[in-house]
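Next comes the sequence, and after it the predicted model I'd like to discuss.
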Amino acid sequence: MTAEEQRLENNNKKETPLEQWGPYLSERQWGTVREDYGDSGDAWGYLPFEQSHFRAYRWGEDGLGGISDYFQNLCFAVALWNGKDPILKERLYGVGNYDGNHGEDVKELYYYQDNIPSHYYMEYLYKYPQNEFPYNDLLTTNRKRSKLEPEYEILDTGVFDKDEYFDINITYAKENASDIFIKIAVSNRGAAPAPVTVLPTLWFYNRWVYTPDEPKPVLSLLNKTAVTASHSRLGDYYFYFQPADERLFTENETNFNKIDATAAKTAFTKDAFHEAIINGVNKNKLSSKKEGTKFSPVYQLVLAAGETQIIYCRLTSDENTDPFPAGFENIFSARRQEADDFYHAILPSPISADLRNIHRKALSGLLWSKQYYHFDVERWLNSSDGITPVNEAKKNGRNKDWTHLKNQDIIAMPDKWEYPWYAAWDLAFHCISLAMIDVVFAKYQLQLIMREWYMKPDGQLPAYEWNFSDVNPPVQAWAAMEIYRIEKEKTGNGDITFLKKVFQKLLINFTWWINRKDRNGNNIFEGGFLGLDNIGVFNRSHRFTNEMQLEQADGTGWMGMYALNMMDIALEISRHDLGFEDIATKFFEHFVLIAESLNSHAMWNDDDKFFYDTLCIAGEEPIPLRIQSAVGLTSLYAVSTISKEIFDALPDFSKRASWFENYRKKNDLFWPNEEHGDKDETLLSLVPKERLINLLNRLLHEAEFLSGGGIRALSKYHEENPYTLSIDGEIYSIQYDPGDSTSNLFGGNSNWRGPVWMPINYLIIRSIRKYGEFYADHLKVECPIGSGNMMNLVDVSRLLADRIISLFAKDSNGERKLHGTYNWFYNRPGNEELVLFYEYFHGDTGAGLGASHQTGWTSLVADLIGCKGN
């Protein structure tokens, strides 16, 4: 057992499997719903980036490469100034939703280099220009560009062309759970000397404005190189730092004078360091102040070309007379070695150094994406932020029906800049990757979203803060079973108690789906956009009239998968507790009824051999929306096998299943795909074998779904064959769009009309492999179509996985598809091993698109790498 595994074993004995300190600081708190107190629901406009440095946040903090305790009482991050910028670099910059030609987008170069579950070792790299940061160029150029043009990125501005920048490497190494050494290594990558000011910053999350009855925390000067942090909840901490040029104190409070010029001026506000360092304003007041709620030692460095200078700090709960003893630097190499040992134990098989690097960075990025999330909807609706009074528009607006939701937890976010809030189905995928490295935390995360302070009393799971009532695909049961299997394979023991807890909560959620999304009670489901944003010809969450209903192939497919997953969980529990045998039968029968509806209604088009959404209009024939997209592939996900051992162990289930089958066949009723294999296994799937082959003929065709980097969300067929529909005289159209979105649906910052997305690829790969393990060489298909190469489905799943991996891996020229037109930068010395994990990928070239740090569900590539050769 490695040192990290020992720490995890000890940590997992706690009620909440969390380290007290971790990378829990968000990278963007501004522009979020929870900070929006306006009356128009304009979160991007209410607290924009331009005000983030002088307005104190209400529901959390943000910073650059920072950490906090798990209640975010005390925060640490690094601020920088290159001597030319109009503001300090305290947080990452990006354009908001209205300013980007494809919606919001971070415009920075930063990388999650390393992390382990206990956060005893963490590395973060930020690249800071030596010339003025191109804030205005990025903003104005993106505003001018149309949706038909690519986004204007920081590497397009020229600011990095001559390597005139600093590498800021921030490394954390823990001595113990409450003692953290910090190394800030600043390297001049340019050819000439350059100055930079570094401010390691410590501050308290401002709760005192809203909780005046609680003692206000205080940072106080202990001596020239130490500060005491006193907090009524956290206790005392000590921040030690090496001799600095200056020491500045201020308060983490809003500068109201910048909001209202008639408000009183004070020197001690959140933005005081900006004014002092850049303009010299009130510097003497800040340096003579001996306490506050925000503090920084100031280091004014000048680095020669190629030079690296290091600043050390230490944050600890123990007062220490010698905080930096001889040899203290060894803690960093020791913890790095422990991280090496940990990742080698996870991926012991022989594999290339490049893939090993991708694997480790994917999982490290996932761990860096843990974030403190605080949101009490009832309090938010009925309180003021001190700027805007409580107003009826907000009280009756967004999320007004979610007053029970009171979140204050550490959650694995999709992307801590672009999506600094959880999404129900994203989190389920995150938990699969988390289970590879910290299965106890994975279980904790999955159960969290189902707890009573998240799940609505009627059983609905919250989608995301922009609209908690939106509906995400119900993948939690699938994720629970995957986590269970991962742990059982690792340890030999499955956590039945975990399955029981999840199952009981999902019974409530499944019932919500049945009652709310099956309008006609015929096992045909709706659900709206279902996480696929603009994949429809129109907004699928929009209801035109009461006489129109959209029957969704994916909604029905997801529910077939849900029923089958619930059956699998109930069967597994029944092996230990027969009290669950009856409910397994219930889900088996429900799966059959959903399969009947999907296959027997108008959703299957026998001409196209594909599943489609169907628009039903009262008094008219149903209209199949003949769009060949991931919507029609959802039916592939519902596949499972039941072993003879299960049937033998559960005679009542076996008896009831046999009766149900005989009854339906005797009465000429639909029966789903059920086949008996060579290994005494029974296959259950939504898709009959013939239709499976039909779908694979499209899926594996390179002129349709199959790209060089995986499965496209929309068939390339629609490049030359757009689909058009007229409703009430209005024309709607969709065509293959392999890059950034050219529509405004759902903010326009993501695109499901052609690019490659990790979650659907992962589900397709896993499902095809499941089919392949059952059929073995009894079923072979041509892959790719037209190649003459016949493969069994296990080999097909490997080919698809390899195509996904190829997005990240170096080719023979040392280039990565995901870097697209920016490989010139990533081929430069020192940048070759940097990898980004994008939200989605260009359907033709494989270039990364959307959020650039989506580790998140894109971390699933680590599992695909880990399965190579299996």
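Nice, I can see it.

In the chain, where is pLDDT below threshold?
Applying pLDDT under 70 to the chain picks out residues 746-747, 869.

And the residue of it positioned farthest from its centre, how far from residue 841?
Most distant from the centre of the chain: residue 666, at 48.3 Å, with distances by CA atoms, centre = their mean. Going from residue 666 to residue 841 by CB to CB, to the nearest Å gives 50 Å. For glycine as for every other residue, the C-beta is placed from the backbone atoms N, C-alpha and C.

next one: residue 10
39 Å.

just residue 428 next, same as before
Counting by CB to CB, the gap from residue 428 to residue 841 is 21 Å.

Between those two, which has more neighbouring residues?
residue 841 (30 against 26; other CB atoms under 10 Å).

give the contact list for the more buried one.
709, 710, 755, 756, 757, 807, 817, 818, 847, 848, 849 (CB atoms under 8 Å, 6 or more residues apart in numbering).

With respect to residue 32, which of those is nearest?
residue 849 (22.5 Å; CB to CB).

quick one: the closest one and residue 16, what's the gap?
36 Å.

For the two, indicate the residue with more neighbours.
Applying other CB under 10 Å to residue 849 and residue 16 shows that residue 849 carries more neighbours, namely 28 against 11.

so that one touches residue 755, yeah?
Yes - assessed by CB atoms under 8 Å, residue 849 is found in contact with residue 755 at 6.1 Å.

Between these two, which contacts overlap?
Joint contacts of residue 849 and residue 755 (CB under 8 Å, 6+ apart) are 739, 840, 841, 842.

and those residues as CSV, adding distance to residue 460 and secondary structure?
Output for these, formatted as CSV (distance: CB to CB, whole Å; DSSP: H, G, I helix; E, B strand; the rest coil):
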residue, distance to residue 460, secondary structure
739, 34, coil
840, 27, strand
841, 32, strand
842, 35, coil
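
possible to save those as JSON lines with distance to residue 105?
Listed next are those as JSON lines, based on distance: CB to CB, whole Å:
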{"residue": "739", "distance to residue 105": "14"}
{"residue": "840", "distance to residue 105": "13"}
{"residue": "841", "distance to residue 105": "16"}
{"residue": "842", "distance to residue 105": "15"}
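
What is the nearest of the residues you listed to residue 230?
So of those, ranked by how close each gets to residue 230 (CB to CB), first place is residue 840, at 46.3 Å.

Distance from stretch 631-650 to the middle of the chain?
Centroid displacement of stretch 631-650 relative to its chain, using CA atoms, centre = their mean, to the nearest Å, is 28 Å.

what do you get for stretch 600-620?
The answer for stretch 600-620 is 34 Å, by CA atoms, centre = their mean.

List of residues touching that stretch?
Against stretch 600-620 from outside (CB under 8 Å, 6+ apart): 522, 524, 536, 540, 547-554, 556-557, 598, 622-628, 631-635, 670, 691, 694-695, 697-698, 725.

please redo it, this time with the cut-off set to 6 Å
Contacts with stretch 600-620, where a contact means CB atoms under 6 Å, 6 or more residues apart in numbering, come from 547-553, 622-626, 628, 631-632, 635, 670, 694.

residues of it that come out buried?
Within stretch 600-620, the residues that count as buried by 16 or more other CB atoms under 10 Å are 601, 603, 604, 609, 610, 611, 612, 613, 614, 615, 616.

Roughly how far does the fifth one sit from residue 725?
I take that to be residue 610. Taking CB to CB, one finds residue 610 at 17 Å from residue 725.

The second one too?
According to CB to CB, residue 603 stands 17 Å off from residue 725.

do the third one as well
To residue 725, residue 604 is 19 Å away according to CB to CB.

Spell out the residue ranges of the strands in the stretch 1-150 of the chain.
Along the stretch 1-150 of the chain, counting by DSSP state E, counting those that start in this stretch, strands occupy 21-22, 67-69, 74-81, 94-95, 105-106, 110-115, 121-129.

In the sheet, which strands lie alongside the first one, parallel or antiparallel?
The one in question is strand 21-22. When pairs are called by DSSP bridges, strand 21-22 turns out to pair with strand 67-69 (antiparallel).

so how far is the partner strand off the chain centroid?
19 Å.

Show residues contacting it.
Applying CB under 6 Å, 6+ apart, the contact partners of strand 67-69 are 20, 21, 23, 24, 25, 75, 76.

May I have the phi/psi pair for the third one?
Here is the backbone geometry of residue 23 (degrees, to the nearest 10): phi -80, psi 50.

Does it touch residue 368 like I think?
Yes - if you go by CB atoms under 6 Å, residue 23 and residue 368 touch, sitting 4.9 Å apart.

Residue 91 contacts residue 62, doesn't it?
Yes - counting by CB under 6 Å, residue 91 does reach residue 62; the two are 5.1 Å apart.

Which residues does stretch 95-111 contact?
31, 44, 92-94, 125-127, 138-139, 142-143, 145, 147, 151, 154, 417, 740-741, 747-749, 834.

list the buried ones in it?
Buried, per 16+ other CB under 10 Å, within stretch 95-111: 95-97, 99-111.

ok, the residues you listed vs residue 210, which is closest?
residue 96 (25.6 Å).

Just the ones in strands from the contacts of residue 841, please.
710, 756, 757, 848, 849 (DSSP state E).

Quick one: these as CSV, columns for distance to residue 6 too.
CSV is the format used below for the ones in strands among the contacts of residue 841 (distance: CB to CB, whole Å):
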residue, distance to residue 6
710, 38
756, 39
757, 37
848, 37
849, 41
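
And residue 78, how close does it get to residue 92?
12 Å.

ignore the last one, residue 311
Residue 311 is 21 Å from residue 92, by CB to CB.

What's the local residue count around the nearest residue to residue 785 once chain neighbours are set aside?
Once flanking residues are discounted, residue 785 sits nearest to residue 701: 4.2 Å by CB to CB, 6 or more residues apart in numbering. The number of residues packed near residue 701 is 18, by other CB under 10 Å.

Surely residue 701 and residue 783 touch.
No - with contact defined as CB under 6 Å, residue 701 and residue 783 do not form a contacting pair (9.7 Å).

Report the beta-bridge partners for the residue lying closest to residue 90 once chain neighbours are set aside.
Computed as CB to CB, 6+ apart, the closest residue to residue 90 that is not its neighbour in sequence is residue 79, at 4.5 Å. Beta bridges link residue 79 to residue 199, judged by DSSP bridges.
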